[in-house]
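Peer 1: what follows is a protein structure lacking sequence information:
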């Protein structure tokens with residue numbers, strides 16, 4: 001190997017010695033190449049600018065530690081100091097992060113003394129957060145409770161929701177010191193978990209930390225904290241729910257038996273307790289929060305069966321549930337209660353129905369009396385007073401007037417009647433929607449001479465009476481009579497169309513409500529509803545039943561004479577009936593806009609007839625079922641590519657039939673407008689024709705026939721209607737002339753004349769279009785000829801260029817061959833030149849040696865001669 005290298009180096013040196021000009025050229029080329037590479041690399045470095053250093057994302061006034069350089073090590077230090085800390089991971093360019101920044105600042109200003117707020121820039125490439133974490137989306141919020149965490153927040157980035165979640169993390173457990181607080185804690189419709197731990201021996205029992213961690217584990221799964229965890233430290237309070245052993249976890253259930261965590265079967269860990277609670281819980285109302293992006297959350301829930309979607313205003317910071325939500329929860333509980341009482345068994349141990357009644361004469365008629373009874377809790381558990389009295393607020397008019405308004409319908413007796421006719425209109429309703437105090441009202445007609453003693457004689461000895469003054473005449477009776485009996489309790493077990501109750505925040509999910517049929521202008525509709533009812537109970541609410549399997553949904557229509565709960569109960573009963581009277585709700589694309597336009601401009605003149613009528617859900621049936629017009633209907637969607645291709649054909653057809661007042665060309669977007677089932681099609685694009693006077697004989701355009709202008713005209717002329725198919729023109733002709741066949745022939749002749757005129761107009765338009773097409777075709781032919789000539793010329797130029805290229809290539813190859821021969825010849829000459837030089841040097845050396853010998857010889861001869869002499 002070394003010999004080869006040495007030999008190659010010798011050859012190179014020999015060549016460089018022979019051709020010094022090649023050596024100089026190689027050196028110059030190498031220097032130029034090095035300079036070019038260096039210049040290119042230096043320019044590339046200057047093109048890519050260095051990233052700018054990040055700036056503060058939060059303002060300096062906000063109580064948030066902004067680690068805009070991604071210092072993750074400082075996060076650990078700050079988290080170890082604070083008891084509760086919130087870490088806000090953001091990207092500076094993210095619009096969602098910018099929107100959530102304002103909300104987090106509002107929450108930080110309120111809870112800065114309790115929570116350590118830290119913001120970390122996880123997009124800075126040189127930061128530690130970017131290198132260690134890989135988030136799926138921004139922003140991301142993690143909460144840490146002491147050493148427990150992270151608890152990721154998965155809710156909407158709105159200040160009330162974030163603050164509510166932080167408060168749930170700060171206080172994951174609710175302390176229950178007495179039976180009254182335990183009763184109130186278990187009375188809510190949401191799932192409740194109670195843990196019994198005695199703090200006598202140690203400040204923290206062994207299982208208490210595990211129970212606290214299970215409450216925080218539940219917040220990981222549900223950011224709303226629907227499942228609440230309570231703690232009982234008193235054995236007497238725990239005995240109210242039959243819990244006697246220490247370190248017991250009790251899951252309260254309404255409809256089935258409550259459960260105690262089986263410590264012998266499962267490990268007593270936070271993950272196992274949380275999974276056990278979520279597996280065995282009972283949920284009557286389930287909150288839904290679509291994420292706002294592509295998600296299958298609604299699809300998964302709607303595939304389970306019919307769903308009642310309730311859009312309600314919700315304030316997550318409210319300490320107690322709103323009255324409207326309590327009403328809905330009471331309806332859901334009674335719907336799922338399959339027992340006859342409609343109340344859970346555990347409530348019987350807390351309450352006892354002790355009626356306290358009063359009779360109120362309605363101001364409209366002295367013969368109509370409303371008996372109002374109040375069932376209050378047992379005095380031993382709540383109050384020690386044994387008297388029977390209504391509260392001042394109830395008597396003052398607030399509660400009492402609302403109950404009297406719903407008591408019964410005032411029906412004055414007929415003038416011919418002499419005897420009182422009893423009227424029964426009893427109803428049961430809850431006070432403030434609590435399961436422990438209940439009002440009942442019953443409407444009766446009595447004689448005028450009936451005094452208070454007669455009332456007391458009819459009532460039992462256990463019923464206590466309180467006399468009150470009649471209410472003022474300003475209280476109107478309800479215009480909706482109450483149905484005898486409930487009809488809703490246990491309905492879940494009496495029908496195969498079981499409903500699932502879902503609650504959504506109306507402020508966050510209003511676009512979904514509009515898509516289901518809510519009014520487009522939310523504020524105006526709310527004001528109208530509140531003004532019609534006289535109360536704000538249903539302001540801002542919307543309800544709909546969605547049955548995905550049947551592809552239908554129904555919308556709750558509020559009645560001004562009924563409350564929201566009454567309308568909702570009737571809505572659920574009508575849906576569960578074997579033969580439901582509910583009408584399928586059809587959602588249209590421009591219905592709300594058209595209603596608003598009609599309300600704003602009612603006196604303006606009718607706009608001119610459009611070339612193609614765009615139909616919606618509300619205008620579909622009036623336009624299609626018009627007996628005086630033939631309707632050609634084009635079904636399309638905005639995502640259909642074939643529909644877009646056919647648009648110019650439909651426009652040309654509409655222009656041809658524009659002067660014909662008997663034919664209407666219309667189209668409908670089936671993706672944005674719900675239509676009755678009998679008018680739906682199985683694919684798009686589709687064309688249906690509804691002839692006048694024969695709407696029941698609608699015809700579909702054949703699928704095997706291409707959709708062209710002549711085919712559409714032939715299809716319309718073949719199936720268009722005629723006046724002799726209707727009875728109205730025939731009756732008028734018979735009345736005028738008295739001859740039936742002549743009138744029919746005359747009407748047929750008039751119709752044929754009109755059709756001939758239409759055909760003449762169509763023929764003229766077609767002839768004009770054909771002439772234009774002929775001219776366009778002729779122009780296209782001339783253009784094609786010119787293009788062919790140009791193409792031929794280009795082919796010739798290409799052939800000539802190819803020939804020149806081949807000739808140049810041949811000449812270049814020959815020049816290369818000659819240069820190679822010259823190089824070989826020069827190399828041979830160089831070799832011969834070297835040999836000649838060597839020979840000349842040898843000859844020169846020999847010549848010099850001979851000359852020196854001769855000189856020495858010449859010098860030696862005189863010496864010899866001298867010596868000889």
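Peer 2: Sure, I can see it. Since the structure is predicted, the reported quantities are computational estimates derived from the model, not experimental observations.
Peer 1: alpha carbons only for contacts and neighbour counts from here, please
Peer 2: OK.
Peer 1: what about residue 540, distance to residue 321?
Peer 2: Using CA to CA, to the nearest Å, residue 540 is found at 16 Å from residue 321.
Peer 1: which one of those two has more residues nearby?
Peer 2: When neighbours are counted by other CA atoms under 10 Å, residue 540 comes out ahead of the other of residue 540 and residue 321, with 19 against 13.
Peer 1: could you verify that that one is part of a strand?
Peer 2: No: counting by DSSP: H, G, I helix; E, B strand; the rest coil, residue 540 falls outside a strand, being coil.
Peer 1: now the residue most central in space within the chain: phi and psi?
Peer 2: Most central in the chain under CA atoms, centre = their mean is residue 292, positioned 3.9 Å from the mean C-alpha point. The phi and psi values for residue 292, taken as degrees, to the nearest 10, are phi 90, psi -10.
Peer 1: next one: residue 258
Peer 2: For residue 258, the backbone dihedrals (degrees, to the nearest 10) come out as phi -70, psi 150.
Peer 1: would you confirm that it contacts residue 251?
Peer 2: Yes: at 5.8 Å, residue 258 counts as touching residue 251 under the criterion of CA atoms under 8 Å.
Peer 1: comparing those two, which residue is more hemmed in?
Peer 2: Comparing residue 258 with residue 251 by other CA under 10 Å, the one with more neighbours is residue 251, at 21 against 14.
Peer 1: which residues does the more buried one contact?
Peer 2: Residue 251 sits next to 191, 192, 193, 194, 258, 259, 260, 261, 277, 281 when contact means CA atoms under 8 Å, 6 or more residues apart in numbering.
Peer 1: identify the residue nearest it in space, chain neighbours excluded?
Peer 2: residue 193 (4.6 Å; CA to CA, 6 or more residues apart in numbering).
Peer 1: secondary structure class for the one you found?
Peer 2: strand.
Peer 1: for the stretch 1-150 of the chain, what spans make up the strands?
Peer 2: 65-67, 84-90, 116-121, 140-145, 148-152 (DSSP state E, counting those that start in this stretch).
Peer 1: among these, which gets the worst mean confidence?
Peer 2: Ranked by mean pLDDT, the strands of the stretch 1-150 of the chain end with strand 148-152 at the bottom, a mean of 87.
Peer 1: now what about it, what contacts it?
Peer 2: 140, 141, 142, 143, 144, 213, 216, 217, 219, 220.
Peer 1: cutoff 10 Å now
Peer 2: Contact partners of strand 148-152, identified using CA atoms under 10 Å, 6 or more residues apart in numbering, comprise 84-87, 140-145, 169, 213, 216-221, 223.
Peer 1: partner strands of that strand, with direction?
Peer 2: Paired with strand 148-152 in the same sheet, following DSSP bridges, are strand 140-145 (antiparallel).
Peer 1: from the chain's centre, how far out does the partner strand sit?
Peer 2: Strand 140-145 has its C-alpha centroid displaced from the chain centroid by 25 Å (CA atoms, centre = their mean, to the nearest Å).
Peer 1: same thing with stretch 142-155?
Peer 2: So, by CA atoms, centre = their mean, the centroid of stretch 142-155 is 25 Å from its chain's centroid.
Peer 1: now do stretch 690-698
Peer 2: The answer for stretch 690-698 is 41 Å, by CA atoms, centre = their mean.
Peer 1: how about it: buried residues?
Peer 2: By neighbour count on 16 or more other CA atoms under 10 Å, the buried set for stretch 690-698 is 690, 691, 692, 693, 694, 695.
Peer 1: thinking again about what came up before, what's the closest of the strands of the stretch 1-150 of the chain to residue 37?
Peer 2: Proximity to residue 37 (CA to CA) singles out strand 116-121 among the strands of the stretch 1-150 of the chain, at 38.6 Å.
Peer 1: what's that closest one packed up against?
Peer 2: Counting contacts by 3 or more CA pairs under 10 Å, 6 or more residues apart in numbering; DSSP states H and E, strand 116-121 is packed against strand 65-67, helix 72-81, strand 84-90, helix 95-111, helix 128-132, strand 140-145.
Peer 1: can you tell which of those is closest to residue 642?
Peer 2: Minimum separation from residue 642 across these (CA to CA) falls at helix 95-111, 36.8 Å.
Peer 1: separation between residue 1 and residue 694?
Peer 2: Going from residue 1 to residue 694 by CA to CA gives 103 Å.
Peer 1: which PyMOL command selects the buried ones in the contacts of strand 148-152?
Peer 2: Buried residues within the contacts of strand 148-152, by 16+ other CA under 10 Å, are selected in PyMOL with:
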select buried, resi 84+85+86+87+140+141+142+143+144+145+169+213+216+217+218+219+220+221+223
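Peer 1: any weak-confidence spans in the protein?
Peer 2: Applying pLDDT under 70 to the chain flags the ranges 41-49, 201-203, 339-486, 520-539, 589-608, 721-748.
Peer 1: let's see that with 50 instead.
Peer 2: 340-354, 364-366, 376-387, 391-399, 408-425, 429-436, 446-485, 524-538, 592-604, 723-740 (pLDDT under 50).
Peer 1: sorry, back to before: mind putting the helices and strands packed on strand 116-121 into TSV with distance to residue 13?
Peer 2: Shown next, in TSV, are the helices and strands packed on strand 116-121 (distance: least, CA to CA, whole Å):
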stretch	distance to residue 13
strand 65-67	66
helix 72-81	63
strand 84-90	67
helix 95-111	69
helix 128-132	55
strand 140-145	70
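Peer 1: nearest to residue 54, out of those?
Peer 2: With CA to CA as the criterion, residue 54 lies closest to strand 65-67 of the helices and strands packed on strand 116-121, at 10.0 Å.
Peer 1: regarding the protein, what is its longest helix?
Peer 2: helix 740-868 (DSSP state H).
Peer 1: return the distance of it from the chain's centre.
Peer 2: 61 Å.
Peer 1: which strands or helices does that helix pack on?
Peer 2: Packing partners of helix 740-868 (3+ CA pairs under 10 Å, 6+ apart): helix 2-18, helix 647-656, helix 709-719, helix 727-737.
Peer 1: quick check: residue 109 touching residue 63?
Peer 2: Yes: contact criterion CA atoms under 10 Å: residue 109 and residue 63 qualify, at 6.4 Å.
Peer 1: so these two - more neighbours on which side?
Peer 2: Using other CA under 10 Å, the more surrounded residue of residue 109 and residue 63 is residue 63, with 21 against 14.
Peer 1: next, give phi and psi for that one.
Peer 2: Dihedral angles (degrees, to the nearest 10) for residue 63: phi -80, psi 60.
Peer 1: quick one on the thing from earlier: single out the most deeply packed of the helices and strands packed on strand 116-121.
Peer 2: Greatest average neighbour count among the helices and strands packed on strand 116-121 goes to strand 84-90 (a mean of 23), per mean count of other CA atoms under 10 Å.
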